[in-house]
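S.K.: After the sequence you'll find the predicted model.
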Amino acid sequence: AQKITQTQPGMFVQEKEAVTLDCTYDTSDPSYGLFWYKQPSSGEMIFLIYQGSYDQQNATEGRYSLNFQKARKSANLVISASQLGDSAMYFCAMRESNAGGTSYGKLTFGQGTILTVHP
Amino acid sequence: DTAVSQTPKYLVTQMGNDKSIKCEQNLGHDTMYWYKQDSKKFLKIMFSYNNKELIINETVPNRFSPKSPDKAHLNLHINSLELGDSAVYFCASSRVSYESSGVFSYEQYFGPGTRLTVT
């Protein structure tokens, strides 16, 4: 079964509008972390935002915020005031519990969503 | 200053050859990783090293051998290259915290990737 699911292969948004990229996850570990990464056409992977499973507040980083709904196992990325430079592939990833000290940050990635920002 | 660097950026070689990809991080992180991104952009972890010790070894053919001479370097050697090895290989690093309940890793920082083409 997929541990991380991104159901939107592609999304379009108008410049200056907000957009939500969906991510659902599946885990039975009580302690996990959720990450979003951006991969522009140049290929590098850029860390955007992190949410811990015990964090009470939704994470925010500038124009990025993470809409964390633990009961629904969703961790959607919200980009406000989209810019042309936001056009890229976006990946959701999960780090499961490190209890026992053996996973050391193994990230499981979703399939990615290609975001296109129109002028 | 480049945080995580990889060389070479592009690698074109013939089937059956042996090649290496080098990775260095200057972030002072304890843990380093190798990921493979296939032609469909799917990212999967291959290996993880913590303080030069192999921690994660996913089901990767034993033609792939990582080596970590020190905490700042993690190299990937591939023997007898096959067509299916063509992909982008990413190195990443993260810091970890050692808690009584286990080891917890923070966000991973990725190198620029090495595009390997096997002909």
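M.R.: Right, received. Where do you want to start?
S.K.: Nearest residue to residue 18 in space, ignoring adjacent ones along the chain?
M.R.: No chain was given, so I picked chain A. Beyond its immediate neighbours in the sequence, the residue positioned closest to A:Ala18 (Cβ to Cβ, 6 or more residues apart in numbering or on different chains) is A:Ser80, lying 4.7 Å away. Any C-beta I mention is one placed from the backbone N, CA and C, and that applies to glycine too.
S.K.: Oops, wrong one, chain B.
M.R.: When the adjacent residues along the chain are set aside, B:Asp18 lies closest to B:Asn79, with 4.9 Å between them (Cβ to Cβ, 6+ apart).
S.K.: Kindly report the same for A:Thr27.
M.R.: Once flanking residues are discounted, A:Thr27 sits nearest to A:Glu96: 5.6 Å by Cβ to Cβ, 6+ apart.
S.K.: what pairs with the residue of chain B found nearest chain A across the strands?
M.R.: Nearest to chain A, among the residues of chain B, is B:Ser105, at 2.8 Å (Cβ to the nearest Cβ). Under the criterion DSSP bridges, B:Ser105 forms beta bridges with B:Val96.
S.K.: Would you agree it is in contact with A:Arg95?
M.R.: Yes: when contacts are counted by Cβ atoms under 8 Å, B:Ser105 is listed as touching A:Arg95 (6.4 Å).
S.K.: Quick check: neighbours shared by those two?
M.R.: Residues touching both B:Ser105 and A:Arg95 by Cβ atoms under 8 Å, 6 or more residues apart in numbering or on different chains: A:Gly105.
S.K.: how many other residues sit next to the residue nearest to B:Asp18?
M.R.: With neighbours defined by other Cβ atoms under 10 Å in any protein chain shown, the count for B:Asn79 comes to 13.
S.K.: If we ignore the residues flanking it in sequence, what's nearest residue 53?
M.R.: All of this is about chain A. Closest residue to A:Ser53 in three dimensions, ignoring its sequence neighbours and counting by Cβ to Cβ, 6+ apart: A:Tyr32, at 4.7 Å.
S.K.: hm, I was asking about chain B
M.R.: Using Cβ to Cβ, 6+ apart and skipping the chain neighbours, the partner closest in space to B:Glu53 is B:Ser68 (7.9 Å).
S.K.: continuing past the helix or strand where the one you found lies, what's the next helix or strand?
M.R.: Under DSSP states H and E, the secondary-structure element containing B:Ser68 is strand B:64-70. Secondary structure here is assigned by DSSP H and E; on that basis, the next helix or strand after strand B:64-70 toward the C-terminus is strand B:73-78.
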